[in-house]
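[1] Using only what follows, build the 3D model:
(one chain, ligands or ions: 2)
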Amino acid sequence: MSEVLNAPVVADVPLAPFRPGPAGTHITIRSLTKYFAGWPLYENFDLDIPKGKIVSVFGPNGCGKSTLINMIAGLVPIDSGEILFDGKSLQDTKIGYVFQNYREAMFPWMRTIDNIAYPLKLEGQSKAEVDRRMAELVASFDVKFDLNRYPYELSGGQQQTASIMRALAPKPEVLFLDEPFSALDFEMTLFIREKLQEVFMQTGTTMLLVSHDLEEAVYLADQVLLLTKRPTRVAEILPYDDARPRTVETLSEASFVATKKKSLEIFQREVRR
Ligand SMILES: Nc1ncnc2c1ncn2[C@@H]1O[C@H](COP(=O)(O)OP(=O)(O)OP(=O)(O)O)[C@@H](O)[C@H]1O
Ligand SMILES: [Mg+2]
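    Numbering: from 1, shown residues only. Ligands and ions are numbered 1, 2, ... in the order given. This next block holds a predicted model:
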């Protein structure tokens, strides 16, 4: 047999060309692989995340919802694969992140207003630019509390509102939210959920939201991304396109109820698998 035929096959296999997502895709994830302690969490995972939409991530406990958004946001390293934002790398993309634990998310020694302005100052914006952006944010969030207070002087809901304002201050291309409401009481959850929807309608920022509350996940979503148990795959992606703003009435509309039911069925199927 000739030398050529005996050559390792792998050397002759061309690298798969990068496969772009369909029109309207913002984030493309290709062949994403992530192991923890020798066990696969994601293996050759592909996903397209649309631009200017809210995608709610829902799935069984420990299936890797947080890890997924943290890998996309660059907070957790990936083993291999590729994640591109409009064809660009994370380094060339402006992102914002809202943490579940708002109490630890802000600098306690800075007034709330300075916390929110912090990323703008970090970008080197002038005082006039910062002031202009802060005025815009205050108007769009319709802030009723005193931003000159320190974060610990505010209620949980007010602190989380401030965290979302800070994340949006530099006008990120993508906003990540990992269970942003789960440390809030019911009243505050409703309040911030509405604020988030309002801001989304004003800005059209691509948002990736992890929620463990199925009703909330569907209510805010343009797409519900349902994940399987680990090794994690996409179980299904359900579109949900009721008009915004969605309101209390939305909750009893047939399309909402049907999407929620379908999501629950897929979730239960995956949990039992
Ligand atoms: N740093 C780590 N080291 C080892 N294992 C980890 C690490 N981070 C996460 N894991 C494991 O990876 C899996 C996914 O974790 P992750 O927190 O992403 O899940 P999740 O879907 O967000 O869970 P939850 O529903 O509890 O929020 C879990 O089994 C978890 O134990
Ligand atoms: Mg999580």
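
[2] Which residue ranges of the stretch 1-150 of the chain form helices?
    Here the stretch 1-150 of the chain has its helices, by DSSP state H, counting those that start in this stretch, at 3-6, 9-12, 65-72, 112-122, 127-141.

[3] and the fourth one, what does it pack onto?
    I take that to be helix 112-122. Counting contacts by 3 or more C-beta pairs under 8 Å, 6 or more residues apart in numbering; DSSP states H and E, helix 112-122 is packed against helix 127-141, helix 156-168. From N, CA and C alone the C-beta is placed, and that goes for glycine too.

[4] what residues does this structure put near ligand 1?
    Applying C-beta under 6 Å from any ligand atom, one finds that the chain approaches ligand 1 through 36-37, 41, 61-67.

[5] Quick check: of those residues, which lies closest to V55?
    Nearest to V55 among these is K65, at 11.5 Å by C-beta to C-beta.

[6] For ligand 2, see how far away the closest one is.
    The gap separating K65 from ligand 2 is 5 Å, by C-beta to the ion, to the nearest Å.

[7] ditto for A117
    Counting by C-beta to the ion, the gap from A117 to ligand 2 is 29 Å.

[8] do N115 as well
    Taken as C-beta to the ion, the span from N115 to ligand 2 is 24 Å.

[9] Filter the residues of the chain next to ligand 1 down to the buried ones.
    41, 63-67 (16 or more other C-beta atoms under 10 Å).

[10] Just give me the neighbour total for the residue lying closest to L120 once chain neighbours are set aside.
    In this structure, L120 finds its nearest non-sequential neighbour in V130, 4.7 Å apart by C-beta to C-beta, 6 or more residues apart in numbering. For V130, the count of nearby residues is 20 (other C-beta atoms under 10 Å).

[11] Do I have it right that V130 meets K121?
    Yes - between V130 and K121 there is a contact under C-beta atoms under 8 Å: 6.4 Å.

[12] where does the chain have low pLDDT?
    Scanning the chain with the threshold set as pLDDT under 70 gives 1-16.

[13] Show me what the residue nearest the centre of it is bridged to.
    Nearest to the geometric centre of the chain sits L208, at 2.2 Å (C-alpha atoms, centre = their mean). Counting by DSSP bridges, L208 forms beta bridges with V55, F176.

[14] ok so, going back, so which of the helices of the stretch 1-150 of the chain is nearest A23?
    Per C-beta to C-beta, nearest to A23 of those: helix 65-72, 20.4 Å.

[15] Show residues contacting that closest one.
    Helix 65-72 has contacts (C-beta atoms under 8 Å, 6 or more residues apart in numbering) with 27, 29, 32, 34, 41-42, 49, 57-59, 76-78, 83, 174, 176, 178, 208, 210, 227, 232.

[16] buried subset of those?
    With neighbours counted using 16+ other C-beta under 10 Å, the contacts of helix 65-72 contain these buried positions: 27, 29, 32, 34, 41-42, 49, 57-59, 76, 78, 83, 174, 176, 178, 208, 210, 227, 232.
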